[in-house]
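Enquirer: Can you look at this prediction? I've put the sequence above it.
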Amino acid sequence: MNVVSPAMQQTSNDEIDLVALFQALWAQKVLIVLVTLLVGMLALAYAFLATPEYQVKSVVRPAAIKDLDALNSTGVYELTPEQAMQRIGASLDSYDSRLEFFRANQGLFEALREPNRSLEQTFERFNNEAFKMLQPDAKKTDNLSAYIGIQLTYPQDVDGVALLNGLVGYVLQHERERIADDLAVMIQNRLNQLDLKMAAARASYEASKESKIAELQEADNLKRAELQDELKALRQQLKTHRDNRIAQLDEAARIAKALDIVKPTTPSALGEVGREAQGSIIRTEVNNQQIPLYFMGSEALEAERAALRQRRSDDFTEPRIAQIAKELQLLANNRQIETLKKRENEDLFLKDLAVWREEAARLRNLQVDASNLKLVSIDQLAVEPLRPIKPKKALILALGLVLGGMLGLFIALIRNMVRRKPDMLDLGAGEAARETHSA
């Protein structure tokens, strides 16, 4: 008796199952082909019936330096080409900018209107799904790769070219208006600052002038008081000298009367009184001591005393008094103060005022036409696409055929399994009967 091992029997059964499986699938090839064709036809119908979607894009690059020179030469507003491009990119990516463009051009979005939705709600959905910003790789820093783009995906009934180009134009014009407004505000702020500077300078000048006048008046008053004090002291000194002189004359006159000296004489001449003179005598007296005052004689002394008593002022005896009178007369009118008070156009004396006025005149005469300002260079405008990006018919058809084939095979396998189940049950019953008979 030949004995078959379990492993050999399993291998034989597997080979028989694979062959049987292939034969079963081949027997159902018509079903598989029909399912494949059906799914492929459904995919093809979807590819032709689905609403086509198109895609356009617009790209901007930095403008040339000369395009922004008129704006930068104002000295008030500075904008580099890179900054201008970033502003345009930020505005293109701004929801508010897109919403404003939508509200101003609702006719371009009529095809997107959906039932039970407001136009704003429809636009919000369209904005989230349709727009995409394009930027260069952050790892690339060369100027050749500097650009900002915006991509729009839209259904067939929407004029995407007009929409995207209109959005770019609207953003450019809006940014020009913003720059014009900013420039006007900055110029006005600068003018206000200049006016404040000029007002502050005038106030400072007035304060300094008043302070200068006060200083000059104070100096004059101080000098006048000092001169008057000096004049008073000099007069008091002269009066004291006169009184002392009178007292000296009184004393000398009494001595002269006691010595009977009436006329001026000298001590030596006084000693020769009573001697007879023989011939002509010339006397020479050498004396290093001051001759007492009473030798002037009582007549001269009394005459000088009477004159001193009758004197009403001693000013003429002191030259300094005349000098003081002159200085007091000069202090009566300070010509520098009068000149300061008589100034008519005081702005001429403000050293920075001319520069500020020149700057204000330049700012008022600034004329920058921001409406024609070229903020960016439009490298690519949106153009009508040659073909839609969705649906991709060939790909959908291929996927439909593949999925249809897989579905057909799956159905065939299910049918085969359902058919074999009764046969396997009958085969199992026969084997059980044979085993019982053998036993």
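Expert: Cool, got the structure.

Enquirer: Could you use CA atoms for every contact and neighbour count after this?
Expert: Noted.

Enquirer: what about Phe131, neighbour count?
Expert: Counted with other Cα atoms under 10 Å, residues neighbouring Phe131 total 19.

Enquirer: Please report phi then psi for it.
Expert: phi -90, psi 140 (degrees, to the nearest 10).

Enquirer: For it, which non-adjacent residue is spatially closest?
Expert: For Phe131, ignoring the flanking residues on the chain, the nearest one in space by Cα to Cα, 6 or more residues apart in numbering is Leu152 at 4.8 Å.

Enquirer: Secondary structure element holding that neighbour?
Expert: strand 148-155 (DSSP states H and E).

Enquirer: picking up where we left off before, what residues does the residue nearest to Phe131 make contact with?
Expert: 55-57, 130-132, 160, 164 (Cα atoms under 8 Å, 6 or more residues apart in numbering).

Enquirer: Look at Gly400 and say how many residues are nearby.
Expert: Gly400: 21 neighbours (other Cα under 10 Å).

Enquirer: thought it was touching Tyr46?
Expert: No. Contact criterion Cα atoms under 8 Å: Gly400 and Tyr46 do not qualify, at 10.0 Å.

Enquirer: Tell me, please, where in the chain the pLDDT is lower than the cut-off.
Expert: 1-16, 47-50, 138-145, 271-289, 392-393, 421-439 (pLDDT under 70).

Enquirer: Where do the helices of it begin and end?
Expert: 6-27, 29-49, 69-72, 81-93, 95-104, 119-130, 160-258, 267-271, 298-310, 319-331, 335-341, 353-364, 393-438 (DSSP state H).

Enquirer: Can you spell out which helices and strands pack onto the second one?
Expert: Yep, that's helix 29-49 we're talking about. Using 3 or more Cα pairs under 8 Å, 6 or more residues apart in numbering; DSSP states H and E, the elements in contact with helix 29-49 are helix 393-438.

Enquirer: let's see 10 Å
Expert: helix 6-27, helix 393-438 (3 or more Cα pairs under 10 Å, 6 or more residues apart in numbering; DSSP states H and E).

Enquirer: can I get the helices of the chain in TSV with distance to Leu386?
Expert: Output for the helices of the chain, formatted as TSV (distance: least, Cα to Cα, whole Å):
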stretch	distance to Leu386
helix 6-27	44
helix 29-49	17
helix 69-72	40
helix 81-93	25
helix 95-104	26
helix 119-130	19
helix 160-258	12
helix 267-271	149
helix 298-310	133
helix 319-331	100
helix 335-341	85
helix 353-364	52
helix 393-438	15
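
Enquirer: Taking helix 119-130 as reference, get the angle to the lengthiest strand in the chain.
Expert: Taking DSSP state E as the criterion, the chain has its longest strand at strand 53-62. Counting by axes from the mean of the first three to the mean of the last three Cα atoms, to 10 degrees, strand 53-62 lies at 80 degrees to helix 119-130.

Enquirer: The residue nearest to Phe131 and Met85: what is the separation?
Expert: Distance, Leu152 to Met85, using Cα to Cα, to the nearest Å: 19 Å.

Enquirer: Likewise for Glu177?
Expert: In terms of Cα to Cα, Glu177 sits 15 Å off from Met85.

Enquirer: So between those two, which is more surrounded?
Expert: Shown here are Glu177 and Met85; by other Cα under 10 Å, Met85 has more neighbours (22 against 15).

Enquirer: Tell me who's in contact with that one.
Expert: 60-63, 79, 91, 146-148, 375-377 (Cα atoms under 10 Å, 6 or more residues apart in numbering).

Enquirer: Just the buried residues of the residues you listed.
Expert: 60-63, 91, 146-148, 375-377 (16 or more other Cα atoms under 10 Å).

Enquirer: Go through the residues you listed and say which is closest to Leu31.
Expert: Ile148 (54.5 Å; Cα to Cα).

Enquirer: ok, that closest one touching Gln135?
Expert: Yes. Counting by Cα atoms under 10 Å, Ile148 touches Gln135, with 5.2 Å between them.

Enquirer: intersection of neighbour lists for the two?
Expert: 59, 89.

Enquirer: how about the contacts of Leu152, which pair is most distant?
Expert: Among these, Lys132 and Gly160 lie farthest apart (Cα to Cα), at 13.6 Å.

Enquirer: who's more crowded, these two?
Expert: The residue with more neighbours, out of Lys132 and Gly160, is Gly160; 24 against 16, by other Cα under 10 Å.

Enquirer: Surely that one touches Leu112?
Expert: No. When contacts are counted by Cα under 10 Å, Gly160 is not listed as touching Leu112 (11.6 Å).

Enquirer: Now for Ile389: which residues touch it?
Expert: Contacts of Ile389 by Cα under 10 Å, 6+ apart are 52-55, 153-154.

Enquirer: cool, and Leu37?
Expert: Taking Cα under 10 Å, 6+ apart, one finds 31, 43, 400-401, 404-405, 408 in contact with Leu37.

Enquirer: of those residues, closest to Arg343?
Expert: Ala43 (97.7 Å).

Enquirer: can you tell me how far the closest one sits from Pro155?
Expert: Counting by Cα to Cα - Ala43 and Pro155 are separated by 20 Å.

Enquirer: neighbour count winner among those two?
Expert: In this view Ala43 and Pro155 are compared by other Cα under 10 Å, and Ala43 has more residues nearby, 23 against 17.

Enquirer: Neighbours of the nearest residue to Asp250 once chain neighbours are set aside, how many?
Expert: Ranked by Cα to Cα, 6+ apart and with sequence neighbours excluded, the top spatial neighbour of Asp250 is Arg305, at 7.3 Å. The tally of other residues near Arg305 (other Cα under 10 Å) stands at 20.

Enquirer: distance of Arg305 from Ala256?
Expert: Counting by Cα to Cα, the gap from Arg305 to Ala256 is 14 Å.
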